[in-house]
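*Asks:* this is a predicted model, with the sequence first.
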Amino acid sequence: MGIFSRFTDIINSNINSILDKAEDPEKMVRLIIQEMEETLVEVRTQSAKLIADKKELSRRVERLHLEAEDWETKAEIALSKAREDLARAALKEKSSAEEATVALETNLEVIASNLEKLSSDIGLLQQKLGDAKTRQKALIVRSRAAQSRMGVKRQLYDVDVDQAMSRFDRYERKIDDLEGEVEAYDLGQKTLSDEISELENDERVDAALARLKARMAHSRTQAESE
């Protein structure tokens, strides 16, 4: 896989292990996908060129086959006219066409082998590319979550939480003191509504006291009569 020489780590290694070593996992995963996509385009371009070469060589082989057959026909005609010299020359041309055909067919076999390898390379890269795209969102979410947690950890490390809570307690105490001062100003200052409410309370207390006295007097009377 010569064309994949610069992507050996990507193809042979786990993508997560590469990302774990990266300073910016989000950027790294984008670069990996971008490189894979660019390589896929490159491989497909080479495959298209080889396919075109294969078609061209196949046409040339077919023409050489026809040319060889034509020279053989011409050799037969020459012999039928008692021109052995021309027949010999025609057979030499046929031999040359056949040798050229063999050479082109060898090239065709090489091209077919290369196309097979490129097809395998494309399949492998497409598999890795699909895997990378599938994991991309999850990896980015993990990265951002980790960065967010790290931010919180750093804030907690940089700020003295106990000192901050102590200041909060002092502020709360100041508010308590201020509210106490406000309530102190209200002491001894009765409104008309407060005074009427007190009168109503006094009446209820007097009534309760009268009922208690009556009950006790009744109890003594019964005791004396017995």
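*Replies:* Structure's in. What do you need?

*Asks:* pretty sure residue 107 contacts residue 57?
*Replies:* Yes: the pair formed by residue 107 and residue 57 meets the contact definition of CB atoms under 8 Å, at 5.8 Å. The C-beta positions use only the backbone N, C-alpha and C, and glycine is treated the same way.

*Asks:* any idea of the pLDDT on residue 185?
*Replies:* The model reports residue 185 with a pLDDT of 56.

*Asks:* same question for residue 71.
*Replies:* Confidence score, pLDDT, at residue 71: 92.

*Asks:* pretty sure it contacts residue 91?
*Replies:* Yes: counting by CB under 8 Å, residue 71 does reach residue 91; the two are 7.0 Å apart.

*Asks:* between the two, which has more neighbouring residues?
*Replies:* Taking neighbours as other CB atoms under 10 Å, residue 71 and residue 91 compare with residue 71 leading, 21 against 17.

*Asks:* for residue 142, see how far away residue 148 is.
*Replies:* 11 Å (CB to CB, to the nearest Å).

*Asks:* so for these two, which sits in the more crowded spot?
*Replies:* residue 142 (14 against 10).

*Asks:* check that one and give its pLDDT.
*Replies:* For residue 142, the pLDDT comes out at 71.

*Asks:* what packs against the helix or strand hosting it?
*Replies:* Element membership of residue 142 [criterion: DSSP states H and E] is helix 84-158. The contact analysis (3 or more CB pairs under 8 Å, 6 or more residues apart in numbering; DSSP states H and E) places helix 84-158 against helix 8-12, helix 15-20, helix 25-80.
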